[in-house]
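Visitor: Everything below, folded, please.
(one chain, ligands or ions: 1)
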Amino acid sequence: MAAIRLDHIRHAYTPELARAGTYALREVDHLFEDGGAYALLGPSGCGKTTLLNIISGLLTPSEGTLRFDERDVTTLTPEARNIAQVFQFPVIYDTMSVADNLAFPLRNRKVPKPEIERRVGDMLRRLGLEAKAGRRAQGLTADEKQKISLGRGLVRSDVNAILFDEPLTVIDPHMKWQLRSQLKELHRQFRTTMIYVTHDQTEALTFAEKVVVMTEGQVVQIGTPEELFERPRHTFVGYFIGSPGMNVLPCRLEGEDAVLAGGRVRLGGGARVASGARTELGIRPEFVRLVPRGQGLPVQVRRVEDLGAERVVRAELDGQKIVSIVPEGVAVPTEADVAFAPEALHLYADSWLVEGRA
Ligand code: ATP
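Guide: Purely as a prediction, here's the structure:
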């Protein structure tokens, strides 16, 4: 296993794109800790696969250095990096038995036979595939095949990291949850460095200890699920994480106050915002309260969606959409104002969180 260091890595797919400043991956400088479980999360085209392929060696970055522990691996082939990969579609040998598929990488590395038998037996047990050990892989279900792909990485003792590229895409919805839990459990047992690419926030947040959120080729935040929820460093993170996402409301600053929708919201702290910056307030729907008229900022309630344990109230604040989550049993007034929990308010300047304020 290894720590993976990205040292000022950037990538443009052609020299022309680099000259034009069009980078599929803008500069990343980050350490993936040895034994950590990470997810790369973001919408289609944000650069997740580009970053994963740079780590696996399928792609050489146009700039920067990649290190596994202290070793520079930037130009090494995927084979020389000793990483295992699990793709969208399981890559296994259909004509081999389940056990032989697991033994294959060990035989290639000339591991002694008794050791192969021990490790394959152990892996079959952990994956719940003992009963199918002698069966040809051909007839297995997609989730069983994906377990074998994963097992082939985990049986090796020399693997530096396991990389996953949207591994649950072809798995039946009802099996996804099970496979994801099993994957998390296997990570807990083996503590192999794992990096998991997905555009699905549920997958990312349940699997990873730390999530790398990306948009438009840029890493905008790396944090625990709690950090991403409680303190989004960029409005994109607030909007992308959470369901529904964070409200982002344009505002103007006047001293210690944010002015919006004809009202004022008191902000704490005293951090500076560059003059001319576009300022916005961020507040998650869970912290937007509906209060009687006259006690907050006036809204028009447009729609109420009843989700059982809570209701999602969609309203308009001075022509701006705003969402509130109202717990069960709390009335939704037709004539309402909104009030914000002060500790959950965030101030953004040009989309970035203003630290030390609000
Ligand atoms: P998806 O979830 O759709 O796979 P992604 O987040 O993995 O998306 P990438 O595949 O890394 O995103 O693509 C990032 C950007 O680089 C996109 O704008 C894409 O069009 C571009 N790109 C990807 N591969 C190439 C390539 N071989 N040549 C030129 N541009 C590419």
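Visitor: Let me see the residues that make contact with the helix or strand hosting T202.
Guide: Using DSSP states H and E, T202 maps to helix 201-207. Residues from elsewhere that reach helix 201-207 (Cβ atoms under 8 Å, 6 or more residues apart in numbering): 37, 39, 41, 168, 176, 180-181, 183-184, 187, 196, 198, 211, 225, 228, 240-241, 243. Bear in mind the C-beta positions are built from the backbone N, C-alpha and C, glycine included.
Visitor: Please name the nearest non-neighbouring residue to A309.
Guide: Once flanking residues are discounted, A309 sits nearest to E328: 5.5 Å by Cβ to Cβ, 6 or more residues apart in numbering.
Visitor: Can you check what pLDDT the model gives A358?
Guide: Here the pLDDT value assigned to A358 is 48.
Visitor: next one: phi and psi at E335?
Guide: Note on E335: backbone dihedrals following degrees, to the nearest 10 are phi -100, psi 100.
Visitor: Quick check: the residue lying farthest from the centre of the chain vs A339, distance?
Guide: Ranked by distance from the centre of the chain (Cα atoms, centre = their mean), the top residue is G294, with 40.5 Å. Separation of G294 from A339 (Cβ to Cβ, to the nearest Å): 11 Å.
Visitor: Give the residues shared as contacts by those two.
Guide: Common neighbours of G294 and A339 (Cβ under 8 Å, 6+ apart) do not exist.
Visitor: and the residue nearest to Y13 when sequence neighbours are not counted, how many neighbours?
Guide: In space, and not counting its chain neighbours, Y13 is closest to A24: 5.8 Å by Cβ to Cβ, 6+ apart. Neighbour count of A24, defined by other Cβ atoms under 10 Å: 19.
Visitor: Near the closest residue to the residue farthest from the centre of the chain other than its chain neighbours, how many other residues are there?
Guide: Ranked by Cβ to Cβ, 6+ apart and with sequence neighbours excluded, the top spatial neighbour of G294 is D337, at 6.8 Å. As a burial measure, D337 scores 19 neighbours (other Cβ under 10 Å).
Visitor: OK, contacts around D337?
Guide: Taking Cβ under 8 Å, 6+ apart, we find D337 in contact with L290, V291, P292, R293, G294, Q295, G296, L297, P298, V299.
Visitor: Out of the residues you listed, list just those in helices.
Guide: Members of those lying in helices (criterion: DSSP state H): none.
Visitor: how about JSON lines for those residues, with distance to Q88 and pLDDT added?
Guide: JSON lines is the format used below for the contacts of D337 (distance: Cβ to Cβ, whole Å; pLDDT from 0 to 100):
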{"residue": "L290", "distance to Q88": "43", "pLDDT": "94"}
{"residue": "V291", "distance to Q88": "48", "pLDDT": "92"}
{"residue": "P292", "distance to Q88": "52", "pLDDT": "90"}
{"residue": "R293", "distance to Q88": "52", "pLDDT": "90"}
{"residue": "G294", "distance to Q88": "55", "pLDDT": "90"}
{"residue": "Q295", "distance to Q88": "51", "pLDDT": "91"}
{"residue": "G296", "distance to Q88": "47", "pLDDT": "92"}
{"residue": "L297", "distance to Q88": "46", "pLDDT": "94"}
{"residue": "P298", "distance to Q88": "49", "pLDDT": "93"}
{"residue": "V299", "distance to Q88": "43", "pLDDT": "95"}
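Visitor: what's the spacing between P90 and G121?
Guide: 21 Å.
Visitor: neighbour-wise, which of these two wins?
Guide: Counted by other Cβ under 10 Å, P90 and G121 do not tie: P90 has more neighbours, with 23 against 14.
Visitor: Need the per-residue pLDDT for that one.
Guide: 85.
Visitor: so which strand or helix has the closest residue to it other than its chain neighbours?
Guide: Nearest-residue entry for P90: K145, 3.6 Å, with adjacent residues in sequence omitted and distances by Cβ to Cβ, 6+ apart. For K145, the enclosing helix or strand under DSSP H and E is helix 142-154.
Visitor: Can you tell me what sits against the next helix or strand after that helix?
Guide: Note on helix 142-154: by DSSP H and E, the next helix or strand toward the C-terminus is strand 161-165. Outside strand 161-165, the residues that touch it by Cβ under 8 Å, 6+ apart are 1-2, 4, 32, 49, 52, 55-56, 68, 83-88, 150, 153-154, 192-197.
Visitor: Check for me that V213 belongs to a strand.
Guide: Yes: checked against DSSP: H, G, I helix; E, B strand; the rest coil, V213 lies within a strand.
Visitor: who does it bridge with?
Guide: Per DSSP bridges, the residues bridged to V213 are L41, Q221.
Visitor: E227 is in contact with that one, correct?
Guide: No: between V213 and E227 there is no contact under Cβ atoms under 8 Å: 10.4 Å.
Visitor: Among the two, which residue is more densely surrounded?
Guide: In terms of neighbours (other Cβ under 10 Å), V213 is the more surrounded of V213 and E227; the figures are 25 against 15.
Visitor: one step back: any idea how far G42 is from the residue nearest to Y13?
Guide: Applying Cβ to Cβ, the value for A24 to G42 is 12 Å.
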